[in-house]
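K.L.:
have a look at this prediction, sequence included:
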Amino acid sequence: MRKILIIGGSRGIGNSLLNKLVDKNNVINISRVKPNLTHHNLTHHTCDILTDELPDLDELDSIIYSPGSINLKPISRLKLDDFRNDFEINVIGAVKTIQRYLPLLKKGDKPSIVLFSTVATKLGMPFHASVSAAKSAVEGLVKSLGAEFAPAIRINAIAPTVTDTDLASKILRNEKMIDMITERHPLKKFLNPDEVADLAEFLLSEKSASISGQVFNMDCGIVSFKI
Ligand SMILES: NC(=O)c1ccc[n+]([C@@H]2O[C@H](COP(=O)([O-])OP(=O)(O)OC[C@H]3O[C@@H](n4cnc5c(N)ncnc54)[C@H](OP(=O)(O)O)[C@@H]3O)[C@@H](O)[C@H]2O)c1
């Protein structure tokens with residue numbers, strides 16, 4: 001069985017992925033809260049990625065790093081600490097994870113890493129300066145590390161539009177906002193965490209053996225189409 005580390009499998013997209021993988025893989029989860037699931041293939045470590053030391057693991061084939069932020073404010077209200085905090089959770093946490101487990105990944109079976117960006121790196125939207133800057137750095141990591149790790153380890157990112165998770169609960173806070181967000185997307189929908197987890201599962205698997213260094217827009221058309 002493959003050994004897959006999920007950083008952030010307690011909620012959201014990471015939790016959907018955890019549920020998809022756990023029957024056929026050994027899943028190791030790291031988050032501050034324990035996932036609401038007990039399974040013989042699941043190991044959990046309670047850990048804050050930013051402040052705690054990451055646990056020792058024996059073996060590892062793949063990593064997905066799911067923590068992120070949606071911190072939307074006009075530039076006049078964004079403090080420098082907002083930029084620092086967004087960079088920490090989106091970029092430094094991912095770097096810390098990759099550096100910590102790189103020796104294990106190098107010995108892994110067809111290793112693969114998946115990170116998360118956002119549509120806001122490609123589509124200029126007001127109030128997204130901090131998250132867009134941090135996620136653009138994630139995309140830079142994917143390009144650079146894709147080259148550095150080839151051919152041994154693949155690394156890709158998914159750049160979703162609004163996804164129905166706790167993180168987006170402020171954006172999807174009422175029926176009016178839900179209708180507005182739905183209408184803004186050319187495919188007249190936004191994402192549910194399961195469909196994003198499906199793409200993550202593909203990128204972690206051997207089905208995507210020829211794909212590395214890529215950022216996949218999962219955008220319901222909002223970046224791709226003007227109609
Ligand atoms: N949802 C969207 O609309 C959307 C849109 C574009 C991009 N994205 C990106 O997609 C990714 C997944 O988003 P999501 O909506 O699934 O997020 P989410 O619902 O906030 O889930 C994040 C997961 O990361 C864990 N986590 C957060 N901070 C952590 C920390 N300091 N240490 C350890 N674990 C931590 C959380 O668990 P604990 O709280 O238990 O620690 C949780 O399991 C993020 O990178 C996000 O930026 C999301």
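P.N.:
Done, it's in.
K.L.:
you'd agree residue 114 is up against residue 154?
P.N.:
No: using Cβ atoms under 8 Å, residue 114 is not in contact with residue 154; the gap is 9.1 Å. For the C-beta atoms, the positions are set from N, CA and C on the backbone; glycine is no exception.
K.L.:
which neighbours do these two share?
P.N.:
residue 203 (Cβ atoms under 8 Å, 6 or more residues apart in numbering).
K.L.:
what about residue 156, is that helix, strand or coil?
P.N.:
strand (DSSP: H, G, I helix; E, B strand; the rest coil).
K.L.:
that one contacts residue 114, correct?
P.N.:
Yes: here residue 156 reaches residue 114: they are 5.9 Å apart, a contact under Cβ under 8 Å.
K.L.:
compare these two and say which is more crowded by neighbours.
P.N.:
Counted by other Cβ atoms under 10 Å, residue 156 and residue 114 do not tie: residue 114 has more neighbours, with 26 against 22.
K.L.:
wait, does the biggest helix by length in the chain contact the ligand?
P.N.:
In the chain, taking DSSP state H as the definition, the longest helix is helix 129-149. No: Helix 129-149 lies apart from the ligand when judged by Cβ under 6 Å from any ligand atom; the minimum separation is 6.9 Å.
K.L.:
need the residues of the protein near the ligand, please.
P.N.:
Residues of the chain lying near the ligand (Cβ under 6 Å from any ligand atom): 7-14, 31-33, 48-50, 66-69, 116, 118, 160, 162-163, 165-168, 193.
K.L.:
list buried residues within those residues.
P.N.:
Among these, those classed as buried by 16 or more other Cβ atoms under 10 Å are 7-14, 31, 49, 66-69, 116, 118, 160, 162-163, 165, 167-168, 193.
K.L.:
next step: those restricted to strands.
P.N.:
Residues of these located in strands (DSSP state E): 7, 31, 116, 160.
K.L.:
which residues touch the first one?
P.N.:
What that stands for is residue 7. Contact analysis of residue 7 by Cβ under 8 Å, 6+ apart lists 14, 30-31, 49, 63-67, 93, 97.
K.L.:
let's have those residues in JSON lines, adding pLDDT.
P.N.:
Shown next, in JSON lines, are these (pLDDT from 0 to 100):
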{"residue": "14", "pLDDT": "98"}
{"residue": "30", "pLDDT": "98"}
{"residue": "31", "pLDDT": "98"}
{"residue": "49", "pLDDT": "98"}
{"residue": "63", "pLDDT": "98"}
{"residue": "64", "pLDDT": "98"}
{"residue": "65", "pLDDT": "98"}
{"residue": "66", "pLDDT": "98"}
{"residue": "67", "pLDDT": "98"}
{"residue": "93", "pLDDT": "98"}
{"residue": "97", "pLDDT": "98"}
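K.L.:
fine by me, we can end here.
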